[in-house]
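**Student:** With the sequence up front, the predicted model follows.
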Amino acid sequence: MPGIVVGVDGSANSRRALEWAMREAAVHHAPVIVVTVNEVTASFWTGHPVTVPADATVLEKAREAATELAEKTANELGEPRPSSVTIKALNGFAAEELIGASQDADLLVVGARGGGLAHHMLGSISGKVVHHAGCPVVVVPASK
C-alpha cells in the first residue's frame, strides 16, 4: 500500500516519529500505516519467529496502544490530517517487518535510538531499515 509507514513501539522517540509522519502525510494527503511489532524469539534452527499463545494477548495490547497513540496524535495535530490511518500489529522482528512494509511504501519513518550518544548513532532497528528499506527512510532524531 503506498503511503507513509511509521514504526511505533511506545517510546518517546517513536511518538516523535509518528507525529512527524502524520504531519508529512497530511501535507501530501497520503495515508499513514502505523506498524507496531511484538518482538518474539527466533527459532534456533530456522531463525524464523516463534510465537506462543501468550503473544496473542501482547499483540492485541500493542494494537490498542498504537491505535490510542495514533488517535491522540491526530487530535493534537488538528487539521489537515492524513487521508487515512491504518494500524498493523505484527508478531516478528521489528526491523524485518518494517523493511517488509517499506517495499510498497512511499516513505518509511522511524525514531532514532534513545540514550547516551543517540544524536551520534542510529539504533539497531533504524540502522537496519536505513540500509535495507525498499523506499526512502526518515530517521526522526531524539529530542534534546
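**Tutor:** Ah, there it is.
**Student:** those helices in the chain, which residues are they?
**Tutor:** Secondary structure of the chain (DSSP state H): helices at 12-28, 54-77, 94-102, 124-132.
**Student:** Quick check: which of those helices is nearest to T41?
**Tutor:** T41 sits nearest to helix 54-77 of all those, at 9.8 Å, using C-beta to C-beta. (C-beta placed from N, C-alpha, C; glycine too.)
**Student:** just the CA coordinates of stretch 51-59, formatted as PDB?
**Tutor:** Presented in PDB, the C-alpha positions along stretch 51-59 are these (Å, rounded to 0.1, in the frame of the first residue of the first chain):
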ATOM      1  CA  THR A  51       5.100 -17.300  18.700                       C
ATOM      2  CA  VAL A  52       3.300 -18.800  21.700                       C
ATOM      3  CA  PRO A  53      -0.300 -18.400  22.800                       C
ATOM      4  CA  ALA A  54       0.600 -15.500  25.200                       C
ATOM      5  CA  ASP A  55       1.800 -13.500  22.200                       C
ATOM      6  CA  ALA A  56      -1.800 -13.000  21.000                       C
ATOM      7  CA  THR A  57      -2.600 -11.000  24.200                       C
ATOM      8  CA  VAL A  58       0.600  -9.000  23.900                       C
ATOM      9  CA  LEU A  59      -0.100  -8.300  20.300                       C
END
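**Student:** quick one: that stretch to chain centroid distance?
**Tutor:** The chain centre lies 19 Å from the centre of stretch 51-59; the measure is C-alpha atoms, centre = their mean, to the nearest Å.
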